[in-house]
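Engineer: Here's my sequence, what's the structure:
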Amino acid sequence: MDQRLVRELNVAISAYTDRVEEAQANALKLANSPAVAKALLTGDGRVLRRFEQKNPGIVLSTGRKRLAPGAVTLANVLVSVRGKSVGRVRAVVPVRSLAPQDGFGELGLLRGKGLALDGEILPVRSTPPSRKPVDLRVGSMDTRAVAVSLPAQSRHAALITLRERSTITAAASSVRWRVIAIGLGLIGALLVIAYAVAPAIARNRLSRQQRDEAERVLAHLGDGVFVVDRDGVVRLWNQAAEAITGLRATDVRGQRADEAIPGWATIATFVPVADRPGEGDGPSSSETVPIDIAGRELWLSVVAVALEDDTVYAFRDATHDRRLEDLRSQFVATISHELRTPLASLHGAAMTLREHELPAQTQDDLLEMIAEQSNRLANLVEEILVAGQLDSGSLSVVADTFDPEELVRGVVTAGRSRVAEERVIGIDVPPLVPKVHGDGERTRQVLLNLIDNAIKYSPSGGRIDVRLTTVGDHLRFSVHDEGLGIPVGEQERIFDKFYRLDPDQRRGIGGTGLGLYICRELIRSMHGRIWVDSEPGKGTTFAFELPAEPLPVPV
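Structural biologist: As a prediction, this is how the structure comes out:
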């Protein structure tokens, strides 16, 4: 039942998203109409109503006109005449029109503690968490409900789909009784058939039961199982083997193993075959081997047992475990290398200060180095902590609005203090910049990381430009450098955890490989997106977009 409510809510959200772009286009078109601007300026209600009749779903008003209960705003555009706001054009849609026609629950609009449902406002005692089915008291009804916030609405606006618990209980009971009735009918039919063919069933019953039970167990076994006879032909390939490898049983059974199973030579060479189950030294009797299927690398943990005429192989997918182990090893190697340099510098500076009498300038230089390396260690620890919080889902992101121009100028000022005077970090900001929805501090963290990368990967210098661009209902932040660039084959992987362009530090560029991963996850948590555009040897542009408030439309 919960899944049906979630599915219907997803359909409603998809319908809402599909209508937003068209609604915004219609609202902007009307907002740019001189006739609409004149009618709003003079307060001519008759003309305004005529425009509304010609454009269903459009509301024209000189003030904040109250919408009907259960109506949601898809677009909200201010209309200005000679720099003065005279009204607004809103595109609205009834929430019920977003629901699927054969809905299981009822769709409503939740604002604060009031729920608009069937044309009336019902009180709600608590606000349900996003996308999580919960029991909810609505008015005098006990319901099962799922809600999700509307990104383009106010903070407290959410779509909610719900159904009375008594109805759900009755429906579930009805389904159970139907299943029981069908089951009893099938049992009765089987008993009749068994009685009729009892003499035939009695013959070979034991062997048939054993074979059926074995097939049933193999069909539902989570591990892949296949059997190869003495001639090297595959005689059995169960459902789990199909699911893990993607190789269909019809394409494998009856074929030679060396022709039908990719990597068979590796399996036959490295996987030991035990004479009886359980032989060998525990886990050492299994081997993890790589195979390549249609360009997809799989690591399989395989064990084998010899029968009288056949060999049975059982395997499980160890690809995820292998990747985790690789990540773990890569993390230890990277962090060890990143810690070694600042720790060695700190130790050397401290020992020098303690054991030698130095000129004042030398002491100042060593103290400055200690402060710089301590800050580097603090940033490293911060990156590790933030990455861990992102993985566990415990990182808090503030849903608010902030001034992007002020943020960019502050970040660029900090970046300029870290480079030589001849190094240029430019700012390109349009005359009008909308407020941005998101966490200002987390956005600052992302922008600082991108500028730091631009500095690190431009060892030969060159200009760095930071730009703001309004794109529809989003604001785009971009950082462009004239540095080394990123090979095309690497551009899809640079946002992966622990991935670095210079893992061996041949160019002397350090880093944990966590920075861009953190940037991607922070931008996603603020309902934005981030990407890269680069050409090797000609520079790189990192860009991300966040939702923004609409700008007033001049007339």
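Engineer: from here on, contacts and neighbour counts on C-alpha atoms
Structural biologist: Will do.
Engineer: and the helix or strand where V93 lies, C-alpha only, in CSV?
Structural biologist: Here V93, judged by DSSP states H and E, is contained in strand 84-94. Output of strand 84-94 as CSV, limited to C-alpha atoms (Å, rounded to 0.1, in the frame of the first residue of the first chain):
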residue,chain,number,x,y,z
LYS,A,84,7.6,50.3,-10.8
SER,A,85,5.9,47.0,-9.9
VAL,A,86,2.2,47.2,-10.9
GLY,A,87,1.2,43.5,-10.5
ARG,A,88,2.0,39.9,-11.2
VAL,A,89,1.2,37.1,-13.6
ARG,A,90,0.8,33.7,-12.0
ALA,A,91,0.3,30.4,-13.6
VAL,A,92,-1.6,28.1,-11.3
VAL,A,93,-3.0,24.6,-11.6
PRO,A,94,-5.4,22.6,-9.3
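Engineer: Heading C-terminal from it, find the next helix or strand.
Structural biologist: Counting by DSSP H and E, the next helix or strand C-terminal to strand 84-94 is strand 106-111.
Engineer: what angle separates that next one from strand 84-94?
Structural biologist: 150 degrees (axes from the mean of the first three to the mean of the last three CA atoms, to 10 degrees).
Engineer: Run through the neighbouring helices and strands of the helix or strand following strand 106-111.
Structural biologist: Following strand 106-111 in sequence order, the next helix or strand is strand 114-117 (DSSP H and E). On a contact count with 3 or more CA pairs under 8 Å, 6 or more residues apart in numbering; DSSP states H and E, strand 114-117 meets strand 106-111, strand 120-123.
Engineer: Need the contact partners of strand 114-117.
Structural biologist: With contact meaning CA atoms under 8 Å, 6 or more residues apart in numbering, strand 114-117 is reached by P69, G70, E106, L107, G108, L109, L110, I121, L122, P123, V124, V138.
Engineer: From those residues, list the buried ones, please.
Structural biologist: Taking 16 or more other CA atoms under 10 Å as the criterion, what is buried in the contacts of strand 114-117 is P69, G70, E106, L107, G108, L109, L110, I121, L122, V124, V138.
Engineer: With pLDDT and distance to Q255 as added columns, please give those residues in CSV.
Structural biologist: Listed next are those as CSV, based on pLDDT from 0 to 100; distance: CA to CA, whole Å:
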residue, pLDDT, distance to Q255
P69, 72, 66
G70, 73, 63
E106, 80, 55
L107, 80, 55
G108, 81, 58
L109, 79, 59
L110, 80, 60
I121, 80, 67
L122, 81, 66
V124, 81, 64
V138, 80, 62
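Engineer: For this structure, which element, helix or strand, carries the lowest mean pLDDT?
Structural biologist: In the chain, no helix or strand scores lower on mean pLDDT, DSSP states H and E than helix 198-202, which sits at a mean of 55.
Engineer: Show me what the strand or helix carrying R340 is packed up against.
Structural biologist: In the assignment (DSSP H and E), R340 maps to helix 319-355. For helix 319-355, the packing partners by 3+ CA pairs under 8 Å, 6+ apart come out as strand 296-306, helix 360-392.
Engineer: Turn those into a markdown table, including mean neighbour count.
Structural biologist: Shown next, in a markdown table, are those (neighbours: other CA atoms under 10 Å):
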| stretch | mean neighbour count |
| --- | --- |
| strand 296-306 | 19 |
| helix 360-392 | 14 |
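Engineer: out of those, nearest to Q3?
Structural biologist: Shortest distance between Q3 and the helices and strands packed on helix 319-355, using CA to CA, is found for helix 360-392: 24.4 Å.
Engineer: Hmm, A454 and L484 touching each other?
Structural biologist: No - using CA atoms under 8 Å, L484 is not in contact with A454; the gap is 9.4 Å.
Engineer: More neighbours: those two, which one.
Structural biologist: A count of neighbours by other CA atoms under 10 Å puts A454 above the other of L484 and A454, at 27 against 19.
Engineer: Can you verify my assumption that the more buried one contacts I464?
Structural biologist: Yes - A454 is within contact range of I464, at 7.1 Å (criterion: CA under 8 Å).
Engineer: Find the residues that touch each one of those two.
Structural biologist: The contact sets of A454 and I464 overlap at V479, H480, D481 (CA under 8 Å, 6+ apart).
Engineer: I figured the last one hits D452, correct?
Structural biologist: What it means is D481. No - at 10.8 Å, D481 does not count as touching D452 under the criterion of CA under 8 Å.
Engineer: now, which of the buried ones among the contacts of strand 114-117 sits nearest S345?
Structural biologist: L110 (57.6 Å).
Engineer: which residues touch the closest one?
Structural biologist: Residues near L110 by CA under 8 Å, 6+ apart: A116, H156, A157, A158, L159, I160.
Engineer: For the fifth one, which non-adjacent residue is spatially closest?
Structural biologist: If I follow you right, that is L159. Leaving aside its sequence neighbours, L159 sits nearest to L109 (CA to CA, 6 or more residues apart in numbering; 5.0 Å).
Engineer: Near D321, how many residues? Count them for me, please.
Structural biologist: 11.
Engineer: Please apply the same query to G87.
Structural biologist: By the measure other CA under 10 Å, the count of residues near G87 is 23.
Engineer: L78: which of the helices and strands packed on helix 319-355 is closest?
Structural biologist: Smallest distance to L78 across the helices and strands packed on helix 319-355 (CA to CA): 38.0 Å, for helix 360-392.
Engineer: Against which helices or strands is the closest one packed?
Structural biologist: Judged by 3+ CA pairs under 8 Å, 6+ apart, helix 360-392 is in contact with helix 319-355, helix 515-525.
Engineer: Reformat the ones you listed as JSON lines; add mean pLDDT and distance to D439.
Structural biologist: Converted to JSON lines, the helices and strands packed on helix 360-392 look like this (pLDDT from 0 to 100; distance: least, CA to CA, whole Å):
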{"stretch": "helix 319-355", "mean pLDDT": "75", "distance to D439": "29"}
{"stretch": "helix 515-525", "mean pLDDT": "90", "distance to D439": "9"}
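Engineer: Lowest pLDDT pick from the contacts of L110?
Structural biologist: Ranked by pLDDT, the contacts of L110 bottom out at H156 (66).
Engineer: could you dump the helices and strands packed on helix 319-355 to CSV with mean pLDDT and distance to P34?
Structural biologist: CSV is the format used below for those (pLDDT from 0 to 100; distance: least, CA to CA, whole Å):
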stretch, mean pLDDT, distance to P34
strand 296-306, 86, 60
helix 360-392, 79, 50
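Engineer: and V11, which of those is closest to it?
Structural biologist: Nearest to V11 among the helices and strands packed on helix 319-355 is helix 360-392 (28.2 Å), distances taken as CA to CA.
Engineer: helix/strand/coil for P128?
Structural biologist: coil (DSSP: H, G, I helix; E, B strand; the rest coil).
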